[in-house]
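A.B. asks: predicted structure and sequence below. I'll ask about it afterward.
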Amino acid sequence: MLKEIRIHGRGGQGSVTAAELLAHAAFLEGKWVQAFPYFGAERRGAPVKAFARISDEPILAHSQIYNPDYVIMLDPVIYKFVDITEGLKKNGILILNTTKKPEEIGLECWRIATVDATGIALELNLLVAGLPVVNTAIVGAFAKATGEIELTSVMKAIKETWSGAAGDKNARAAELAYERLIKGW
């Protein structure tokens, strides 16, 4: 059971950290994992991709992911500039950071789950350099949308990454996203 995840965001939004948190949570559950970025000389705000693999067996592939099972979109408008559905498997799931409901997205041929991760970050005052931190919330949403990892593992991975109040606030963001995720199927 190899599952591949592609994450689309902008530089500085935490796409790489989201991939690492997904892998960390799955690792805590005894799975084999990989997490890695794909970017060149991009700067803050430029489109970036990150990837994660989760498996019950050792992972032999060490390439970029071209046919993901799941696609995560951190930036609410990046789909206007990047084809986020490129290579997505037929039964794949899109997990989108947006205020829209799945049926409002306009991608009827895909299973879509939405969550307002930006709104959650603002609600919790989860900001870095004045910008909302959405990656921890979206990892909680991923757990609910896919069932590939447990919310408790996500929260533990977050708290092992950030201690104290920062860990608590980020774990709460994941929990709220898990609760508020809207599945379109």
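C.D. replies: Happy to help now that I have it.

A.B. asks: for the protein, what's the longest helix?
C.D. replies: Longest helix in the chain, counting residues (DSSP state H): helix 164-180.

A.B. asks: flag every buried residue along that one.
C.D. replies: Gly167, Lys169, Asn170, Ala171, Arg172, Ala173, Ala174, Glu175, Leu176, Ala177, Tyr178, Arg180 (16 or more other C-beta atoms under 10 Å). C-beta coordinates here come from the backbone N, C-alpha and C atoms, glycine included.

A.B. asks: so the fourth one makes contact with Ala137?
C.D. replies: No: Ala171 sits out of contact with Ala137 when judged by C-beta atoms under 8 Å, with a separation of 10.3 Å.

A.B. asks: out of the buried residues of helix 164-180, which is nearest to Asn97?
C.D. replies: Ala177 (9.0 Å; C-beta to C-beta).

A.B. asks: residue contacts, that closest one?
C.D. replies: Going by C-beta atoms under 8 Å, 6 or more residues apart in numbering, Ala177 touches Val115, Ala117, Ile120, Ala137, Ile138, Val139, Gly140, Ala141, Lys144.

A.B. asks: how about JSON lines for those residues, with pLDDT added?
C.D. replies: Output for the contacts of Ala177, formatted as JSON lines (pLDDT from 0 to 100):
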{"residue": "Val115", "pLDDT": "98"}
{"residue": "Ala117", "pLDDT": "98"}
{"residue": "Ile120", "pLDDT": "98"}
{"residue": "Ala137", "pLDDT": "98"}
{"residue": "Ile138", "pLDDT": "98"}
{"residue": "Val139", "pLDDT": "98"}
{"residue": "Gly140", "pLDDT": "98"}
{"residue": "Ala141", "pLDDT": "98"}
{"residue": "Lys144", "pLDDT": "98"}
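
A.B. asks: let's have the residues you listed in TSV, adding distance to Ile95 and neighbour count.
C.D. replies: Listed next are the contacts of Ala177 as TSV, based on distance: C-beta to C-beta, whole Å; neighbours: other C-beta atoms under 10 Å:
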residue	distance to Ile95	neighbour count
Val115	7	27
Ala117	10	35
Ile120	14	27
Ala137	11	33
Ile138	7	33
Val139	10	34
Gly140	10	31
Ala141	6	30
Lys144	9	21
